[in-house]
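Q: Model the structure of this input:
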Amino acid sequence: MRIGRIPYINCYPVYGAIDRGVVRLDADLVDGVPTDLNRKMATHELDISVVSAVEYARDADRYLLLPDLAISCDGPVRSVMLFSKRPAGELSARNVVVSKSSMTSVALLELLFESVWHARPRFIPGNAEVQDVVIDSSTDAEARLVIGDAALVLGSNHRERYPHVYDLGQMWKEWTGQPFVFAVWVAQRSTDVKEALIAHAGLIASRNWGLRHLPELAEQAHQATGVKRDVCARYLSGLDYGLSYPHLAGLTEFYRRLVERGRIPNGTLTFLPAA
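A: Numbers count the residues shown, from 1 in each chain. Sure, this is the predicted structure:
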């Protein structure tokens, strides 16, 4: 069994117990940024993985959702941020660098520009890991979309370059009143159901351990990123790793809006069966 893992600290609560040997997962863990894991799932290099929410919607016939497992927020997410030199509504015809690491964040940003900020910038794909945003070579860019650990680092230490900062989770909440689901865990439909269920049980057990040990994981996040411990703790405690009815409502609302614009095919949510 090959299982994908995003190496950002937002995945610490799901994989922390597995990494420490508290929960046994009989699988090889494969690290990658969201778009890399999306590609590996699409080419059958992985059996189960966390993927961008948009990746599931674009190829739902290939995947089964793992129940009660996602990365969501109901308000600020703190790690999916638009950093801008001017107000978002003034970015028409301006260059906005968007992270190549996350399809869902880019899709959400496009919706916000169209329906909330009413601006039409030029989106320029770019790298947005920590080393890229700390040393910013995109001098002609008026704004950049940054995700993951890099967003926490930039938001904590380099805000002077960007006086206008927008949290995309908070913007979605203010716009729709719904939670937002950034990532989900999926299995290939071709994966043996019993093996997938065993792996799913391990991930859930590890997630449950992680939620009980957030201070320990916040310390680990602080050591990994240099971001203050209390900032890491607030960040991890503000995320939700389940997939409840409200989160499903937010997810389907996001999909509905993308379907209306022809950006994903219309489809259904199909879960791994408990068989």
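
Q: Number of residues surrounding residue 262?
A: Neighbour count for residue 262, taken as other CB atoms under 10 Å: 7. Every C-beta, even on glycine, is put in place using the N, C-alpha and C of the backbone.

Q: How about the secondary structure of it?
A: Following DSSP: H, G, I helix; E, B strand; the rest coil, the label given to residue 262 is coil.

Q: got it, and residue 186?
A: strand.

Q: wait, it sits on residue 41?
A: Yes - if you go by CB atoms under 8 Å, residue 186 and residue 41 touch, sitting 6.9 Å apart.

Q: neighbour count winner among these two?
A: Set residue 186 next to residue 41 and count neighbours by other CB under 10 Å: residue 186 wins out with 31 against 25.

Q: how far away is that one from residue 31?
A: Separation of residue 186 from residue 31 (CB to CB, to the nearest Å): 17 Å.

Q: do the same with residue 164
A: 33 Å.

Q: try residue 45
A: On the measure of CB to CB, residue 45 and residue 31 end up 13 Å apart.

Q: average model confidence for stretch 220-235?
A: Averaging pLDDT along stretch 220-235 yields 94.

Q: now what about it, what contacts it?
A: 9-10, 12, 16, 78-79, 130, 149, 152-153, 156, 214-215, 218-219, 236 (CB atoms under 8 Å, 6 or more residues apart in numbering).

Q: let's go with 6 Å and repeat that
A: 9, 78, 149, 152-153, 156, 218 (CB atoms under 6 Å, 6 or more residues apart in numbering).

Q: Out of these, which one has the weakest pLDDT?
A: Lowest pLDDT among the contacts of stretch 220-235: residue 156, 72.

Q: Tell me how many other residues crowd residue 228.
A: Residue 228: 14 neighbours (other CB under 10 Å).

Q: for it, phi and psi?
A: Main-chain dihedrals, residue 228, degrees, to the nearest 10: phi -50, psi 150.

Q: And residue 253, by the same measure?
A: Note on residue 253: backbone dihedrals following degrees, to the nearest 10 are phi -70, psi -40.

Q: if we can go back for a sec, for residue 186 and residue 41, list the residues in contact with both.
A: When contacts are counted by CB under 6 Å, 6+ apart, residue 186 and residue 41 are jointly contacted by residue 51.

Q: Give the next helix or strand downstream of the helix or strand where residue 153 lies.
A: In this assignment (DSSP states H and E), residue 153 forms part of helix 148-157. Under the assignment DSSP H and E, the closest C-terminal helix or strand after helix 148-157 is strand 164-167.

Q: quick one: buried residues of that following strand?
A: 164, 166-167 (16 or more other CB atoms under 10 Å).

Q: Can you convert these into TSV and add a column each for distance to residue 244 and pLDDT?
A: Converted to TSV, these look like this (distance: CB to CB, whole Å; pLDDT from 0 to 100):
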residue	distance to residue 244	pLDDT
164	33	94
166	26	96
167	21	96
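
Q: If we only consider these, which is nearest to residue 50?
A: residue 167 (21.1 Å; CB to CB).

Q: wouldn't the closest one be in contact with residue 75 here?
A: No - if you go by CB atoms under 6 Å, residue 167 and residue 75 don't touch, sitting 8.4 Å apart.

Q: Give me the common contacts of those two.
A: In terms of CB under 6 Å, 6+ apart, residue 167 and residue 75 are not both contacted by any residue.

Q: Run through the strands of the stretch 51-200 of the chain in chain order.
A: 63-73, 80-84, 95-99, 122-126, 143-147, 164-167, 180-188 (DSSP state E, counting those that start in this stretch).

Q: Export those as JSON lines, with columns for distance to residue 113.
A: Output for those, formatted as JSON lines (distance: least, CB to CB, whole Å):
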{"stretch": "strand 63-73", "distance to residue 113": "20"}
{"stretch": "strand 80-84", "distance to residue 113": "9"}
{"stretch": "strand 95-99", "distance to residue 113": "8"}
{"stretch": "strand 122-126", "distance to residue 113": "9"}
{"stretch": "strand 143-147", "distance to residue 113": "10"}
{"stretch": "strand 164-167", "distance to residue 113": "10"}
{"stretch": "strand 180-188", "distance to residue 113": "16"}
